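K.L.:
Here's my sequence, what's the structure:
(one chain, ligands or ions: 2)
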Amino acid sequence: MDANEQFTDSIDALRKTGVRITPQRKAVLKYMIETEEHPTADDIFKALSSEYPNMSVATIYNNLKLFKDTGLVKELTYGDSSSRFDFITDTHYHIICSNCGKITDFHYPGLEEVEQLAGSVTEYDVSHHRLEIYGLCPECREEI
Ligand SMILES: [Zn+2]
Ligand SMILES: [Zn+2]
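P.N.:
Residues are numbered from 1 along each chain as shown. Ligands and ions are numbered 1, 2, ... in the order given. You can find the predicted model right below:
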């Protein structure tokens, strides 16, 4: 699915919830689809405020919460104290810089096996798992 399809599908999903589709809402959604980063509400504000002077950090945060409730983005609560957001695409894992809090995606298949094993040895009904790797990002490594 390309970015345009993701955008159209997401707008459809939002319409179904009955919310108004405002230009600001569209801009935040588009930004989330296109970014490779895992931005905070502040990051998005910095990127969009010149184009949308009426936009506030609170507006962005409310939109992100709405997208989260609609199942379009995930809120990431690790790394540093401020929430970062990730548009939900395929399953991927995160490596987090313990110095600057940057989050980078990586793909690693096969952890479903761990879920199955955990379920069968404990008789839990497994719902999901979390895996985070921590370290220093390339930029921070250079500074040290
Ligand atoms: Zn770093
Ligand atoms: Zn991610």
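K.L.:
Quick one: residues contacting residue 76.
P.N.:
With contacts defined as C-beta atoms under 8 Å, 6 or more residues apart in numbering, residue 76 is in contact with 38, 83, 84, 85, 86, 94, 103. Glycine gets a C-beta too; all of them are placed from N, C-alpha and C.
K.L.:
what do you get for residue 103?
P.N.:
Residue 103 sits next to 37, 38, 76, 79, 84, 86, 94, 95, 96, 97 when contact means C-beta under 8 Å, 6+ apart.
K.L.:
Check those residues one by one and keep those near ligand 1.
P.N.:
With the criterion set as C-beta under 5 Å from the ion, the members of those near ligand 1 are residue 97.
K.L.:
From the contacts of residue 103, list the buried ones, please.
P.N.:
With neighbours counted by 16 or more other C-beta atoms under 10 Å, these contain buried members at 37, 38, 76, 79, 84, 86, 94, 96, 97.
K.L.:
Now the last one: closest residue in space that isn't a chain neighbour?
P.N.:
To tie it back to what came earlier, the one meant is residue 97. Closest residue in space to residue 97, ignoring its immediate chain neighbours: residue 137 at 3.9 Å, by C-beta to C-beta, 6 or more residues apart in numbering.
K.L.:
Can you read off the backbone torsions of that neighbour?
P.N.:
phi -70, psi 160 (degrees, to the nearest 10).
K.L.:
Count the neighbours of it for me.
P.N.:
Residues within reach of residue 137, counting by other C-beta atoms under 10 Å, total 17.
K.L.:
Next, work out how far apart residue 119 and ligand 2 are.
P.N.:
Distance of residue 119 to ligand 2, given as C-beta to the ion, to the nearest Å: 25 Å.
K.L.:
number of nearby residues for that residue?
P.N.:
The tally of other residues near residue 119 (other C-beta under 10 Å) stands at 13.
K.L.:
Work out for me the element it sits within.
P.N.:
helix 111-122 (DSSP states H and E).
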